[in-house]
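Trainee: Provided below for reference: sequence and predicted model.
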Amino acid sequence: MSEMAVPAVFIEPDGAAMRRTMGRFLTGVAVVTAAYEGEQVGMTINSLTSISLEPPILMISLNFNTRTGDAVLGSGKFAISILGAKQEPVARQFAVRGGARFEAGDFDVTAAGLPVIRGALAQAECQVVDQRTVGDHQVFFGQVTASRYRDGEPLAFSSGKFGAFRDFNHDAMPWSF
Ligand SMILES: Cc1cc2nc3c(=O)[nH]c(=O)nc-3n(C[C@H](O)[C@H](O)[C@H](O)COP(=O)(O)O)c2cc1C
């Protein structure tokens, strides 16, 4: 008998079960930011995915009725900041629905005038090249027009909790880019 506490039957998940299922997929944490009609907006996400290398395209998925999603739709641009392990407070600050965003903290500004999180492991500025509505989310594909990165411990997120990544100190994967 297996000792794992798995349900005896598969179910068609509701939103909460979907969140718990996919919560087992450990991710990094990023903040997506945008500027529209003189207002700066941003929110914490973990739906960031690399889609294409040449040209460089990434994808984000934003719930309907977020201030950030509206600004991305209106401006056709967004930026992402990939957070380091010490930036959990930033992740929490940018995840409060309707909460203050840029009143506290340190930010840089990209050439296109988008705010990004200072000290993030990576920052990228994107031009929306495709967008669709999928279920209850808006999915944006952004071509990266400028980016930079630095070394550091990434912030991780799993089953609703923040943590840190620990590598096994094995050989790096022989991927060539
Ligand atoms: C770790 C983490 C990851 C999140 N990922 C997403 C995401 O990918 N898409 C999304 O729509 N909301 C995501 N959220 C929730 C938003 O950050 C939250 O709803 C935000 O406050 C919305 O901004 P608003 O004030 O404009 O409504 C995430 C929250 C956390 C803590």
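Mentor: Yes, it's here.

Trainee: Just the pLDDT for Ser2.
Mentor: Ser2 is assigned 58 on the pLDDT scale.

Trainee: Please disregard the earlier target; I meant Asn65.
Mentor: At Asn65, the model reports a pLDDT of 86.

Trainee: What is the neighbour count of it?
Mentor: 10 (other CB atoms under 10 Å). For every residue, glycine as well, the C-beta is placed using N, CA and C.

Trainee: I'd like the numbering to begin with 28 instead of 1 from here.
Mentor: Will do, 28 is the new start, and the previous item becomes Asn92.

Trainee: how about Ala139, what does it touch?
Mentor: 104, 106, 152, 172-173 (CB atoms under 8 Å, 6 or more residues apart in numbering).

Trainee: how about 6 Å then?
Mentor: 104, 152 (CB atoms under 6 Å, 6 or more residues apart in numbering).

Trainee: and it, helix, strand or coil?
Mentor: Here Ala139 is coil, with the state taken from DSSP: H, G, I helix; E, B strand; the rest coil.

Trainee: how close does it sit to Ser77?
Mentor: 20 Å (CB to CB, to the nearest Å).

Trainee: near the ligand, which residues of the chain show up?
Mentor: Counting by CB under 6 Å from any ligand atom, the positions of the chain adjacent to the ligand are 56, 70-74, 88-90, 93-95, 118, 122-125, 184.

Trainee: repeat that with 8 Å
Mentor: By the rule CB under 8 Å from any ligand atom, the part of the chain lying against the ligand is 54, 56, 68, 70-75, 87-90, 92-96, 118-119, 121-126, 128, 164, 184, 189.

Trainee: In helices only, show me these.
Mentor: Among the residues of the chain next to the ligand, the ones falling in helices (DSSP state H) are 94-96, 118-119.

Trainee: okay, who's weakest in the residues you listed by pLDDT?
Mentor: For these, the model is least confident at Arg94; its pLDDT is 92.

Trainee: how about the nearest residue to it, chain neighbours excluded?
Mentor: Val68 (4.6 Å; CB to CB, 6 or more residues apart in numbering).

Trainee: That neighbour pairs with what?
Mentor: Beta bridges link Val68 to Ala61, judged by DSSP bridges.
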